[in-house]
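Visitor: prediction below, plus the sequence it came from.
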Amino acid sequence: MSAVVNGAGKVVDFVDQRITASNWLKRNIRKAFPDHWSFLLGEIALFSFILLLLSGTFLALWFKPSMQEVMYDGAYANLRGIHMSEAFSSTLDISFEVRGGLLMRQVHHWAALVFLAAMSVHMLRNFFTGAFRKPRELNWIIGVILLVLGVAAGFTGYSLPDDLLSGTGLRIIEGGVLATPVVGTYLSFFIFGGEFPGDDAIARLYPLHILLIPGLILALVAAHLMILWYQKHTHWGGPGRSEKNVVGYPFFPIYVAKAGGFNFIVFGVIVLMAALIQINPVWLWGPYDPSLVSAGTQPDWYVGFLDGALRAMPNWETRLFGFTLSWNVLIPSAIVPTLILGALFLYPFIEQWVTGDRREHHMLDRPRNQPVRTGIGVAFITFYILLWIAGGNDFFATILDIPLNWITWFVRAGVIVLPPVVFWVTKRICLGLQRRDREKVLHGRESGVIMVSPEGEFSEVHAPIPQEDAFELTHHRRQVPVALEPEIDENGIPAPRRRVERVRAGLSSFYFGDVVQKPTVRELEAASHDGHAAITEGDGHAGGERSEIGTGHP
Amino acid sequence: MSEYGGRHGGDVERPEPTGPPVRETVDEPIPDPGLPGHEPRLTDTDPVIERRAERQVAGMFGLASLLMIGFIVAFWIFPIDDGDAVEAVRDSNLALGLTLGGALFLIGAGAIHWAKKLMSSPEVIHERHELRSTDDVRAASLSDFELGTEESGFGRRKLIRNSLIGAMVLLPLPAVVILRDLGPLPGNRKAQTLWGPDVQVLRDGSFQPLRPADLEIGSLVNAMPATFEDLPEEGPERINERAKSPIIVVRMRPGEITPAEGRENWSVDGILAYSKICTHVGCPINLYEQNTHHLLCPCHQSTFDLADNGKAVFGPAARNLPQLPLMVDDEGYLAAQSDFTESVGPSYWERG
Amino acid sequence: MSAISARRRHPVAALAVLLLALFVFGGAYAVFAPESRADVQAASSTQVEEGQKLFAIGCATCHGLGGEGQVRDDGTVIGPSLIGVGAAAVDFQVGTGRMPLARPGAQAEEKEVAYTDEQIEQLAAFVASLAPGPEIPDEDALDTSDLSAGDVARGGELFRTNCASCHNTTGQGGALTFGKHAPNLTGAEPRHIYEAMITGPESMPVFNDNTLDSDEKRKIISFLQSVQEQPNPGGLGIGRGGPVPEGLWAWLIGIGGLIGAAVWIGTKAS
């Protein structure tokens, strides 16, 4: 053990003599990292990204990003003698003539799917627990940008093999670009070097995919982690925890072991998936030809909602003075994504304005204590899932034996009707949960024991809950709507920006008007004056002079 | 310490330098009971279990090492260059993936098991300091900045300021202009295909011409223009035209066709030709339902009625599928009367 | 005198000679008579008769006793006319169980075959006798044993050009409008694939031998067989269904499994 310490000591000494390392080390070796599974979702994204870099570097050593036409003469018999681009041919070579090549291709593709799924789940976790609030708005913005960059990396990546599936996707992109008003055709000709598909597209996507986008992602991930490190991670409220401290386990050795271990677990799971489940078998799709298409053509899952929007959109188009505005393409491919991104970027600031809350927040919200925010989040997920369903409509039509056209109609109606319904249902569920928490604090937990009173009345006995549990249910801040200042204050000066303030007050009461508040001290005392305590003292044992359960009041 | 944007009731915190903070107000019913005490794990109290956990961790690391050696062995004993490539790759992929994936997973699992069961670190509590800098530091940095601005004279020397702003505004322009040669200007190219008067219809693949008698009711033929073969084999022209000029030729009973005005002679005995490129976003369509005469695009489910001038009847496509006027040429083969009378493929701004 | 000559005035002698003559001439006819074009598959008049009887029982309610079809006054087709559809259509429809129709729906579904092979031959013979139409392909048309790897690759190109937009590049099938679908071709017999191409059942277009010659059809069939027999080198095929099932598995196993691991990491040890 001391040999390890000695060796490490020599290294640290070398570095310290040059950049004063020990200052940083002293502050950070025992840094507290809160330990909850939901804090590890961002790590899944980080580690799958590292795997993407490693597997991608391997693939780049063999892949040829060229649309030069060649006649295939390789190991896969069913395509021998067929004309195809070098990009496709080199992908076949990697799959069938490089040992470990197919494994690395599959690792790369599974890791990409997991990377985007992990970022999405991480973003949702942050949303539902309010981790985007001050001081973490910056990291939220960086995160949304990372999500967009991830989608771009995925799209440019799966288009590189120039197979029938991804080539069709490129064609759809070209159609989307063409719909841009005024400059659509110019943009398309600049992107593709002329008419579609030309012979430049793959070679142009390549430096985007292996250099520019990963570079941006790396830089932003570094910033993301540095901000997180400096601000310290958020934590759940509970006994001993507050806005002013952070409770966790020391960075070294615990967090290093757990995070480092999780890194290997993420690697291992993805490699095992690549060993056992086939993904993107380009040899079955065949090389891209713009006059061919296959049934069951879909983009990767993270672009699926956009394809679904394209499928579900009604065929609106305006023709005026010799010019065409293709709403049927513009709305799903440009306007809807812009609105979604805009909403994501701006949400922390909107919520901050509505609630008037400019404090620092380091403790997380339980979703039930923010019914409107949670409702908005679930409504958004519903909208997204409906577009997903539209994107796979032919797949679902086939396996569920539902007529294809019904699915399109269902989604068209659903995206308007379902999110508000889901919002309302989610909000009611949150309020119900809040009510249950409040009842638990006031009256204790239901014990399952039924008592009969002398008059014959049945009631359930409630048992007291430990103080730790009660504290967990009540430590959150009260949320009340922002009060509107009087129109004219006591000095006769009218309030400024009256209309804006009125809107804000209305929104704020929408957010917090229905919230079930935690009990006040007086309410708690009133409840316990019935002769029994709902909360026990000390460490959870039923004890103390106010703990008898004799009267059987619920 | 607490900042409010509006008025609402709240609590007052009494910050404490150490220990769990205490919040006592009328609104906070439950005081903080403090961090729960340390509960020992089985591995802390029972040396038998502790040794077992140690063996489990070491076992996982040891098995990982074995699997990594297994990977190296599998790399050599599963060649992929003799016999059936597909089967050989399947075996190799499975062997390499299971060994590598298993090894990586076990290293991770071992490290986590070690941390959870055996590492003896207690929970630690650290103070959070307010992120906002203190007032005097802020004031000092602000005054340093003002000093620098004053020394530079940027504010005072308006000529320098304005000319600098002018240069900065123009700076991005060369970066944009230098990209001009990314591609040619579109011109009228989007509105033209390889079809024209007397261009024969050739079967896609074999490039043989078609006689009307070759098709029967319900037939579907994928076809290309004869002028396609004049294009150079090197370069992108051929593949670019495959994105614009392919057609499908179908045959139905003449009585089922309802031609639009002026299109009465565009069909030959119930044989019709339409562009194969969807007018939505450009996927090729040859999903022809012969009994309904509907053509379904698999990408976004735009549906066109080929008996009714290619009318868009379902889905997101807003424009009808362009029809190619057909005739029979002197040799008795199917040929076009002219190019399409409208642009094929997706709509664009200047399409008209 | 021989034994036969001695009995030449026997009362049964005339009958015996008659029977002998019938057998001799009938047998000679059967051996030497030229076969008519429409009956290449040894359909004798008894086959057509048997077929007609089966047809009257199992098919005429929808298709009419003479196969002329039945249309209601308002134009709804109860059963289309079978005149000219040929033996191939019958062999395909009845041989895959699509006919007799179990119930009306978007299209006839493949199901358990209701007739024996011999009965199907008889039905086919009857329908073929109504008017000339596509014939059941013979062994040569279906023999793919002489095809090279290059031919199979060419078959793949033909399949992707003509068939993949409905049936998917590996024949997994696909959705058509309003509840119809292009079926999954896994396990389809070469004969039935050929017949479907030349008869164009229901929504499927017709690919007769003038637009896709029989050589090209053989290549397509051999490609389908090759791709269906081919193992999946990457592991489980997950239905070769493309990005939708791949995305579902990435979420279920990838994220689901890793969240499970995260929960394990985050829980306190006992």
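Guide: Good, I have the coordinates. Numbers count the residues shown, from 1 in each chain, chains lettered A, B, ... in the order given.
Visitor: mind telling me what element the residue of chain A found nearest chain B is part of?
Guide: Of all residues in chain A, residue A:275 sits closest to chain B, at 2.2 Å by Cβ to the nearest Cβ. Glycine gets a C-beta too; all of them are placed from N, C-alpha and C. In this assignment (DSSP states H and E), residue A:275 forms part of helix A:256-276.
Visitor: so what does that helix touch, helix or strand wise?
Guide: Here helix A:256-276 touches helix A:41-60, helix A:101-128, helix B:85-117, helix C:256-266, going by 3 or more Cβ pairs under 8 Å, 6 or more residues apart in numbering or on different chains; DSSP states H and E.
Visitor: pLDDT on that helix, on average?
Guide: Mean per-residue pLDDT for helix A:256-276: 97.
Visitor: could you do stretch B:76-93 as well?
Guide: Stretch B:76-93 shows a mean pLDDT of 92.
Visitor: repeat that for stretch A:335-348.
Guide: Rounded mean pLDDT across stretch A:335-348 is 96.
Visitor: same check, this time on stretch A:479-487
Guide: 79.
Visitor: same check on stretch B:50-62?
Guide: Mean pLDDT, stretch B:50-62: 95.
Visitor: go ahead and flag the most central residue of chain A.
Guide: Centroid check for chain A by Cα atoms, centre = their mean gives residue A:120 as the closest residue, at 2.3 Å.
Visitor: report the contact partners of that residue.
Guide: Applying Cβ atoms under 8 Å, 6 or more residues apart in numbering or on different chains to residue A:120 gives the contacts A:147, A:302.
Visitor: right, and the residue of chain A closest to chain B touches residue B:90 too?
Guide: No - in this structure residue A:275 lies outside contact range of residue B:90 using Cβ atoms under 8 Å: 10.6 Å.
Visitor: pull the lowest-mean-pLDDT helix or strand in chain B out as PDB, backbone CA atoms only.
Guide: Sorted by mean pLDDT, DSSP states H and E, the helices and strands of chain B end with helix B:42-45, the least confident at a mean of 86. C-alpha atoms of helix B:42-45 as PDB (Å, rounded to 0.1, in the frame of the first residue of the first chain):
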ATOM      1  CA  LEU B  42     -22.600  -6.900   6.900                       C
ATOM      2  CA  THR B  43     -19.100  -6.700   5.400                       C
ATOM      3  CA  ASP B  44     -18.100  -4.300   8.200                       C
ATOM      4  CA  THR B  45     -19.300  -6.500  11.000                       C
END
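Visitor: which other residues reach it?
Guide: B:49-50, B:53, B:117-118, B:120, C:269-270.
Visitor: now the two most distant members of the residues you listed.
Guide: Farthest-apart pair in the contacts of helix B:42-45 is B:120 and C:270; separation 15.8 Å (Cβ to Cβ).
Visitor: what pLDDT does residue 251 get?
Guide: Going with chain A. For residue A:251, the predicted pLDDT is 92.
Visitor: sorry, should have said chain B
Guide: Here the pLDDT value assigned to residue B:251 is 96.
Visitor: ok now do the closest residue to it other than its chain neighbours, which residues does it touch?
Guide: Leaving aside its chain neighbours, residue B:251 sits nearest to residue B:215 (4.3 Å; criterion: Cβ to Cβ, 6 or more residues apart in numbering or on different chains). If a contact means Cβ under 8 Å, 6+ apart, then residue B:215 has B:221, B:249, B:251, B:271, C:208, C:210-211 as its contacts.
Visitor: hang on, the earlier thing: ok, and the closest non-adjacent residue to the residue of chain A closest to chain B?
Guide: residue B:97 (2.2 Å).
Visitor: check the gap between that neighbour and residue B:91 for me.
Guide: Computed as Cβ to Cβ, to the nearest Å, the residue B:97 to residue B:91 distance reads 11 Å.
Visitor: list residues touching both of residue A:275 and residue B:90?
Guide: Shared contacts of residue A:275 and residue B:90 (Cβ under 8 Å, 6+ apart): residue C:235.
Visitor: quick check: closest non-adjacent residue to the residue nearest to the spatial centre of chain B.
Guide: Residue closest to the mean C-alpha point of chain B, counted by Cα atoms, centre = their mean, is residue B:299 at 14.5 Å. Spatial nearest neighbour of residue B:299, chain neighbours left out: residue B:283 (3.9 Å); criterion: Cβ to Cβ, 6+ apart.
Visitor: count the neighbours of that neighbour for me.
Guide: 25 (other Cβ atoms under 10 Å in any protein chain shown).
Visitor: these two touch, right, residue B:267 and residue B:258?
Guide: No - in this structure, residue B:267 is not within contact of residue B:258 by Cβ under 8 Å, at 11.0 Å.
Visitor: quick revisit: pull out the buried residues from the least confident helix or strand of chain B.
Guide: By neighbour count on 16 or more other Cβ atoms under 10 Å in any protein chain shown, the buried set for helix B:42-45 is residue B:43.
Visitor: hmm, the helix or strand following that helix touching chain A?
Guide: Per DSSP H and E, the first helix or strand lying C-terminal to helix B:42-45 is helix B:47-77. Yes - among the residues of helix B:47-77, residue B:75 lie within reach of chain A under Cβ under 8 Å from any Cβ of the partner chain.
Visitor: and chain A, is stretch C:134-149 touching that?
Guide: Yes - using Cβ under 8 Å from any Cβ, stretch C:134-149 comes into contact with chain A via residue C:149.
Visitor: near chain C, which residues of the stretch 401-550 of chain A?
Guide: Within reach of chain C by Cβ under 8 Å from any Cβ, the stretch 401-550 of chain A has these residues: A:401-405.
Visitor: if we go to 6 Å?
Guide: Within the stretch 401-550 of chain A, the positions near chain C by Cβ under 6 Å from any Cβ of the partner chain are A:403-405.
Visitor: ok, the residue of chain A closest to chain B touching residue B:100?
Guide: No - between residue A:275 and residue B:100 no contact is recorded; they are 7.8 Å apart, counting by Cβ atoms under 6 Å.
Visitor: any stretches of chain C with poor pLDDT?
Guide: C:1, C:33-44 (pLDDT under 70).
Visitor: for the stretch 101-250 of chain C, which segments are assigned as strands?
Guide: Secondary structure of the stretch 101-250 of chain C, counting by DSSP state E, counting those that start in this stretch: strands at C:174-175, C:181-182.
Visitor: a markdown table please, covering those and showing mean neighbour count and distance to residue C:254.
Guide: Below are the strands of the stretch 101-250 of chain C laid out as a markdown table (neighbours: other Cβ atoms under 10 Å in any protein chain shown; distance: least, Cβ to Cβ, whole Å):
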| stretch | mean neighbour count | distance to residue C:254 |
| --- | --- | --- |
| strand C:174-175 | 28 | 27 |
| strand C:181-182 | 23 | 30 |
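Visitor: nearest to chain A, of those?
Guide: Closest to chain A of the strands of the stretch 101-250 of chain C, according to Cβ to the nearest Cβ: strand C:174-175, at 2.7 Å.
Visitor: is that closest one in proximity to chain A?
Guide: Yes - using Cβ under 6 Å from any Cβ, strand C:174-175 reaches chain A at C:174-175.
Visitor: now the one residue in the stretch 201-350 of chain B that gets nearest to chain A. Nearest residue, chain neighbours left out?
Guide: Of all residues in the stretch 201-350 of chain B, residue B:281 sits closest to chain A, at 2.6 Å by Cβ to the nearest Cβ. Counting by Cβ to Cβ, 6+ apart, residue B:281 lies nearest to residue A:175, which is 2.6 Å off, once chain neighbours are set aside.
Visitor: so who does that neighbour touch?
Guide: Residue A:175 makes contact with B:281-282, B:346, according to Cβ atoms under 6 Å, 6 or more residues apart in numbering or on different chains.
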